[in-house]
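A.B. asks: next come a sequence and a model predicted from it.
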Amino acid sequence: MEMSVFQRKIAALAGNIDIKYGEPMREHTSFRIGGGAEAMAFPKSEEELSCLLKAAGELGCRPRILGAGTNVLAPDAGLSGLIICLKDCLDGMELLDNCRIRVMAGVTMTRAAVFAANHGLSGLEFAHGIPGTVGGGVFMNAGAYGGEICQVCESVRLMELDGSVREIPGEEMGFAYRSSRVQEEGGIILSAVFALRAEAPERIREIMKELMSRRSASQPLDLPSAGSAFKRPQGGYAAALIEQAGLKGYRVGGAAISVKHAGFAVNTGGATAWDVRELLRQVSDRVYENSGIRLEPEVLVWE
């Protein structure tokens with residue numbers, strides 16, 4: 001297939017950086033949905049990332065940043081411009097002292113939790129089983145079972161779109177429910193320092209095993225999804241409100257509200273991005289009609 005003008009230009013500016021053209025987004029999102037990306041880059045270092053940002057700036061393109069794609073719905077028609085994928089690219093973890101670890105943005109939350117457990121450090125047990133990356137987890141203040149990133153995040157290393165890098169203390173990250181200042185101000189999370197506490201590794205693994213059992217028992221892990229489809233509303237829980245509206249198992253095309261957990265929208269096979277968007281819209285409307293509470297999607301819908 002002949003390369004587009006943008007593809008030729010980004011290839012010339014990016015040098016030897018790994019870039020794939022027409023890469024299917026469905027291969028990089030947990031929904032398993034999405035058409036081809038005009039250009040998807042996989043930087044292996046901060047220097048390569050900075051080079052990509054400079055190239056994008058010269059071309060007047062604002063790149064999209066992708067981690068494990070566990071909270072993203074990509075369009076069926078694909079995406080123009082540059083996608084920068086950090087999962088397994090900005091990789092690495094290190095023990096800083098007897099209670100702190102630094103984890104690169106492309107490391108999965110599960111790997112970070114296991115690394116901490118292996119060093120007898122507690123505080124990331126909730127993250128074991130969360131399929132996203134540390135970068136994505138910090139970006140959205142990911143959480144589960146009473147734990148959140150904000151509880152353990154001491155600092156974040158951030159690269160601005162001009163390539164400059166700065167360290168932001170955790171208390172200045174503007175963490176709130178499923179949000180951080182990075183969502184509003186932009187920038188790319190490079191790594192995070194987590195402040196943890198000493199605990200017997202056996203006890204930490206016991207807790208992680210218990211939480212994983214709870215997750216497996218209650219969540220539809222056998223079907224593609226993006227985790228919780230809606231944010232937790234004030235005055236209730238999304239799953240309970242959806243179930244009360246009689247929408248458990250409700251379908252639009254190949255997308256459905258899980259019969260196992262009403263808070264999840266799942267791809268039952270062949271679902272399109274339109275199916276999922278329409279499902280979320282209809283469910284939000286029906287819940288509002290039934291309860292007066294408006295559900296807001298937690299899934300990031302890329303257009």
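C.D. replies: Arrived safely, thanks for sending.
A.B. asks: residue 208 against residue 123, yeah?
C.D. replies: No: at 11.7 Å, residue 208 does not count as touching residue 123 under the criterion of CB atoms under 8 Å. C-beta here means a position set from N, CA and C on the backbone, and glycine is covered the same way.
A.B. asks: need the contact list for residue 253.
C.D. replies: 270-272, 274-275, 278-279 (CB atoms under 8 Å, 6 or more residues apart in numbering).
A.B. asks: which among those count as buried?
C.D. replies: Neighbour counting with 16 or more other CB atoms under 10 Å marks 271-272, 275, 279 as buried within the contacts of residue 253.
A.B. asks: please narrow these to those residing in helices.
C.D. replies: By the criterion of DSSP state H, membership of the buried ones among the contacts of residue 253 in helices covers 275, 279.
A.B. asks: just give me the closest of the buried ones among the contacts of residue 253 to residue 177.
C.D. replies: Using CB to CB, residue 279 comes nearest to residue 177 of the buried ones among the contacts of residue 253, at 22.9 Å.
A.B. asks: now the two most distant members of the buried ones among the contacts of residue 253.
C.D. replies: Farthest-apart pair in the buried ones among the contacts of residue 253 is 272 and 279; separation 10.6 Å (CB to CB).
A.B. asks: overlap in contacts, those two.
C.D. replies: 253, 255.
A.B. asks: nearest to residue 2, of the contacts of residue 253?
C.D. replies: residue 272 (26.8 Å).
A.B. asks: any idea how far residue 300 is from that closest one?
C.D. replies: 17 Å (CB to CB, to the nearest Å).
A.B. asks: got it, and residue 8?
C.D. replies: Look at residue 8 and residue 300: by CB to CB, they are 29 Å apart.
A.B. asks: tell me which of those two has more neighbours.
C.D. replies: residue 300 (16 against 12; other CB atoms under 10 Å).
A.B. asks: so what's the closest residue to that one other than its chain neighbours up against?
C.D. replies: Spatial nearest neighbour of residue 300, excluding adjacent residues (CB to CB, 6 or more residues apart in numbering): residue 72 at 5.1 Å. Counting by CB under 8 Å, 6+ apart, residue 72 touches 29, 31, 66, 226, 299-300, 302.
A.B. asks: closest one to residue 43 out of the residues you listed, please.
C.D. replies: Among the contacts of residue 72, and counting by CB to CB, the member closest to residue 43 is residue 66, at 11.7 Å.
A.B. asks: residues in a beta bridge with the closest one, which ones?
C.D. replies: On the basis of DSSP bridges, residue 66 is bridged to residue 85.
A.B. asks: same thing with residue 79?
C.D. replies: Beta-bridge pairing for residue 79 (DSSP bridges): residue 37.
A.B. asks: any idea how far it lies from residue 29?
C.D. replies: 11 Å.
A.B. asks: could you count how many residues lie near residue 218?
C.D. replies: Using other CB under 10 Å, residue 218 has 13 neighbouring residues.
A.B. asks: doesn't residue 261 make contact with it?
C.D. replies: Yes: taking CB under 8 Å as the definition, residue 218 is a contact partner of residue 261 at 5.7 Å.
A.B. asks: tell me if I'm right that residue 85 and residue 40 touch.
C.D. replies: Yes: between residue 85 and residue 40 there is a contact under CB under 8 Å: 5.8 Å.
A.B. asks: now do the shared contacts for the two.
C.D. replies: With CB under 8 Å, 6+ apart, residue 85 and residue 40 have common neighbours 28, 66.
A.B. asks: which one is the most centrally placed residue in the chain nearest to, not counting chain neighbours?
C.D. replies: Geometric centre of the chain, nearest residue: residue 136, 4.1 Å, by CA atoms, centre = their mean. Leaving aside its sequence neighbours, residue 136 sits nearest to residue 67 (CB to CB, 6+ apart; 3.7 Å).
A.B. asks: can you report how many residues lie near that neighbour?
C.D. replies: By other CB under 10 Å, neighbour count at residue 67 equals 30.
A.B. asks: among the contacts of residue 253, which one lies nearest to residue 62?
C.D. replies: Ranked by distance to residue 62 (CB to CB), the contacts of residue 253 are led by residue 274 at 24.6 Å.
A.B. asks: list the contacts of the closest one.
C.D. replies: So residue 274 contacts 76, 253 (CB under 8 Å, 6+ apart).
A.B. asks: where in the stretch 1-150 of the chain is pLDDT low?
C.D. replies: Within the stretch 1-150 of the chain, the ranges that satisfy pLDDT under 70 run 1.
A.B. asks: quick one, helices of it?
C.D. replies: Assigned helices in the stretch 1-150 of the chain, in chain order: 5-14, 46-58, 109-118, 134-140 (criterion: DSSP state H, counting those that start in this stretch).
A.B. asks: please identify the most buried of the ones you listed.
C.D. replies: helix 134-140 (a mean of 28; mean count of other CB atoms under 10 Å).
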